[in-house]
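Student: structure for this input, please:
(one chain, ligands or ions: 4)
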Amino acid sequence: MANYFNSLPLREQLNQLGVCEFMDIAEFADGVAALKGKKVVIVGAGAQGLNQGLNLRDSGLDISYALRQEAIDKKRDSWKNATDNNFKVGTFEELIPGADVVVNLTPDKQHTAVVTKIMPLMKQNSTLLYSHGFNIVEEGMQIRKDITVIMVAPKCPGSEVRAEYLRGFGVPTLIAVHPENDPEGKGLEQAKAYCVGTGGHRAGVLRSSFVAEVKSDLMGEQTILCGLLQTGSILSFDKMLEKGIDAGYASKLVQYGVEVVTEALKHGGVSGMMDRLSNPAKVAAFKISEELKTIMRPLFQKHQDDIMSGEFSSTMMKDWANGDANLLKWRAETGETAFEKTPAGDVKIGEQEYFDNYTLMVAFIRAGVELAFETMVEAGIKAESAYYESLHETPLIANTIARKKLFEMNRVISDTAEYGCYLFDQACKPLLAGFMKKVDTDLVGKNFNEGKTGSVDNVELVHINAILRDHPVEVVGRKLRKAMTAMKAIKTA
Ligand SMILES: NC(=O)C1=CN([C@@H]2O[C@H](COP(=O)(O)OP(=O)(O)OC[C@H]3O[C@@H](n4cnc5c(N)ncnc54)[C@H](OP(=O)(O)O)[C@@H]3O)[C@@H](O)[C@H]2O)C=CC1
Ligand SMILES: CC[C@](O)(C(C)=O)C(=O)O
Ligand SMILES: [Mg+2]
Ligand SMILES: [Mg+2]
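Tutor: Ligands and ions are numbered 1, 2, ... in the order given. Modelled structure (predicted):
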């Protein structure tokens, strides 16, 4: 097998990279009809598998789980997830032959092995569904030509796919049909029906391509969504300890601060988040984030370049072949950081205090969101796709850090995302060493406004507000958030 993207002529690469059409909710008027009465068999009952299955069943679809024999024999978590929720569970041999749609929600590193096993069992003209295009695009998996291959990719961790559905909302989703496998032309209707079943149509759906989804998803998860939230959290906590801030306070500020700060992002974009600062703090955060953008831009561009060229995928696949040596090493190192090992203190921190005492995280998030968006767009990814991957998903990842720190984030995201997150973190921390030397407690741990005159140059402030509001991520964001009519605010800590 060879990297599918690299096998395409440049013209077709750009064509598939540029597939991105915001779908009007009226296009989902048929609901789940295209899959009603069909047998949908999910392979894998993990973060995505279980939560998508719960939503799909609640949406009236026939859902069962095909698990590995050993998972059944040893009653592993996947078996417990499925049986505890009263789903029918069977082996590949028992369930795949009768399936109309087989949903592959196993880890990316297992896809080739899993698809090789299940494809011979799949009936003629059935459908294979992915939630990430890595196996098709980066590994170049060839699927039997009578099988329809589609993708429904939630831009969100599995736990939030379920949580937002239960709130009556959903998560932004990319849907796609693999152009090499749509023999009966039914792929798009089935992908739309599946998307309705997960609730994604309520949050916003992009008709995308396998190529566009992979190249944007890998970039978002490695940089702003996971990598920078990890690096920013660890550096912020270490700086507060260095400066003598109480460890319990520091831990709570970092663990819950990213959720509180990004909740403002969710509703008002970058400018909405920045507006929560005092004007003097906003000016400072703007200047700091400009400096952060300058320092980190080459790293963001390297990640995007390596994703486009296939260098990232081949590097990660070498680690797969080496028993996940780096993944496991970096996971262990993260677990040993002071932030991860220090419990949040039993201390009251008001919602506004998270903004006033954590200006640094606001600066990190503005820099990361804009950098990720700018880098994706300059690489040919369309603005709507870049928005979902750089801004909209950030608060949903922050929710996982608030739950149980970086451990929880890295547990619920995919192994692919976890590997990319560590890859970024390993490079970004030393890159920011010089910058962090200048950071003091007014930016992290104490109220920025304390002991300051509070004066602001009005002309400068008007200029900064215009720059923030006119950034392309804000322009596309205002349009997409308008479509998310049912989005619910969450009760933050
Ligand atoms: N995590 C996320 O939030 C997101 C993930 N995705 C994509 O969704 C897919 C699934 O990811 P995710 O939910 O994180 O995966 P998880 O690691 O959470 O779950 C994997 C599931 O697959 C099973 N499994 C593992 N290896 C095999 C195998 N060789 N054969 C059969 N079953 C196997 C596991 O059960 P057991 O080991 O017990 O057999 C488990 O139930 C990936 O393609 C990922 O990129 C997309 C968007 C977000
Ligand atoms: C952000 C990581 C992710 O892409 C996701 C939850 O969307 C993943 O692969 O887990
Ligand atoms: Mg993703
Ligand atoms: Mg991903």
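Student: burial of residue 161, as a residue count?
Tutor: The number of residues packed near residue 161 is 26, by other CB atoms under 10 Å. Every C-beta, even on glycine, is put in place using the N, C-alpha and C of the backbone.
Student: so residue 153 sits in a strand?
Tutor: Yes: when DSSP: H, G, I helix; E, B strand; the rest coil is applied, residue 153 is found to be in a strand.
Student: the most centrally placed residue in the chain: what secondary structure?
Tutor: Centroid-nearest residue in the chain, with CA atoms, centre = their mean: residue 156, separated by 4.8 Å. Of the three states, residue 156 takes coil under three-state DSSP.
Student: was I right to think residue 66 contacts residue 98?
Tutor: No: using CB atoms under 8 Å, residue 66 is not in contact with residue 98; the gap is 10.3 Å.
Student: distance of the residue of the stretch 301-450 of the chain found nearest ligand 1 from residue 146?
Tutor: Ranked by CB to the nearest ligand atom, the top residue of the stretch 301-450 of the chain for proximity to ligand 1 is residue 414, at 3.8 Å. Computed as CB to CB, to the nearest Å, the residue 414 to residue 146 distance reads 29 Å.
Student: neighbour count winner among those two?
Tutor: Taking neighbours as other CB under 10 Å, residue 414 and residue 146 compare with residue 414 leading, 22 against 13.
Student: tell me the phi and psi of that one?
Tutor: Main-chain dihedrals, residue 414, degrees, to the nearest 10: phi -70, psi 160.
Student: residues near the closest residue in space to residue 130 that isn't next to it in sequence, how many?
Tutor: Sequence neighbours aside, residue 151 is the residue nearest to residue 130 in space, at 4.8 Å (criterion: CB to CB, 6 or more residues apart in numbering). For residue 151, the count of nearby residues is 25 (other CB under 10 Å).
Student: okay, the closest residue to ligand 2 within the stretch 101-250 of the chain: pLDDT?
Tutor: Relative to ligand 2, the nearest point of the stretch 101-250 of the chain is residue 221 (3.7 Å; CB to the nearest ligand atom). Note on residue 221: pLDDT of 98.
Student: now do residue 487
Tutor: pLDDT, read off for residue 487, is 53.
Student: now swap in the one 5 residues further on and tell me
Tutor: Reading off the per-residue confidence, residue 492 sits at a pLDDT of 57.
Student: with residue 425 instead?
Tutor: Per-residue pLDDT puts residue 425 at 98.
Student: ok so it is a helix residue?
Tutor: Yes: judged by three-state DSSP, residue 425 forms part of a helix.
Student: so how far is ligand 4 from the closest residue to residue 325 other than its chain neighbours?
Tutor: Nearest non-adjacent residue to residue 325, counting by CB to CB, 6+ apart: residue 319, 6.2 Å away. Residue 319 is 16 Å from ligand 4, where distance means CB to the ion, to the nearest Å.
Student: who's in contact with residue 319?
Tutor: Each residue near residue 319 by CB atoms under 8 Å, 6 or more residues apart in numbering is listed here: 325-327, 419.
Student: remind me which helix or strand it belongs to.
Tutor: Assessed by DSSP states H and E, residue 319 sits inside helix 311-321.
Student: what about that helix, distance to the chain center?
Tutor: With CA atoms, centre = their mean, to the nearest Å as the basis, helix 311-321 stands 20 Å off its chain's centre.
Student: following it, which helix or strand comes up?
Tutor: In N-to-C order, the element after helix 311-321 by DSSP H and E is helix 325-335.
Student: check whether that next one contacts ligand 1.
Tutor: No: using CB under 6 Å from any ligand atom, helix 325-335 stays clear of ligand 1, coming no nearer than 12.3 Å.
Student: if you count neighbours, what's buried in that helix?
Tutor: For helix 325-335, burial by neighbour count (16 or more other CB atoms under 10 Å) applies to 326-327, 330-331, 334.
Student: out of the residues you listed, which is nearest to ligand 2?
Tutor: Closest to ligand 2, out of all of the buried residues of helix 325-335 and judged by CB to the nearest ligand atom, is residue 327, at 13.5 Å.
Student: and the gap between that closest one and residue 215?
Tutor: 21 Å.
Student: what's the spacing between the residue nearest to residue 325 and residue 117?
Tutor: Counting by CB to CB, the gap from residue 319 to residue 117 is 23 Å.
Student: can you check residue 5 too?
Tutor: For residue 5 relative to residue 117 (CB to CB), the value is 25 Å.
Student: those two: which is more packed in?
Tutor: Shown here are residue 5 and residue 117; by other CB under 10 Å, residue 5 has more neighbours (24 against 15).
Student: element containing that one?
Tutor: Residue 5 belongs to helix 4-7 when assigned by DSSP H and E.
Student: buried residues in that helix?
Tutor: Quick answer for helix 4-7 (16+ other CB under 10 Å): 4-5.
Student: excluding covalently adjacent residues, which one is nearest to the residue nearest to the centre of the chain?
Tutor: residue 171 (3.8 Å).
Student: touching, the one you found and residue 162? I think so.
Tutor: No: counting by CB under 8 Å, residue 162 is not a contact partner of residue 171; they are 9.6 Å apart.
Student: all helices of the stretch 351-493 of the chain, in order?
Tutor: 351-356, 359-378, 383-387, 394-412, 415-431, 433-437, 458-470, 472-483 (DSSP state H, counting those that start in this stretch).
Student: with mean neighbour count added, can I get the ones you listed in TSV?
Tutor: Formatted as TSV, the helices of the stretch 351-493 of the chain follow (neighbours: other CB atoms under 10 Å):
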stretch	mean neighbour count
helix 351-356	18
helix 359-378	25
helix 383-387	25
helix 394-412	22
helix 415-431	21
helix 433-437	11
helix 458-470	14
helix 472-483	18
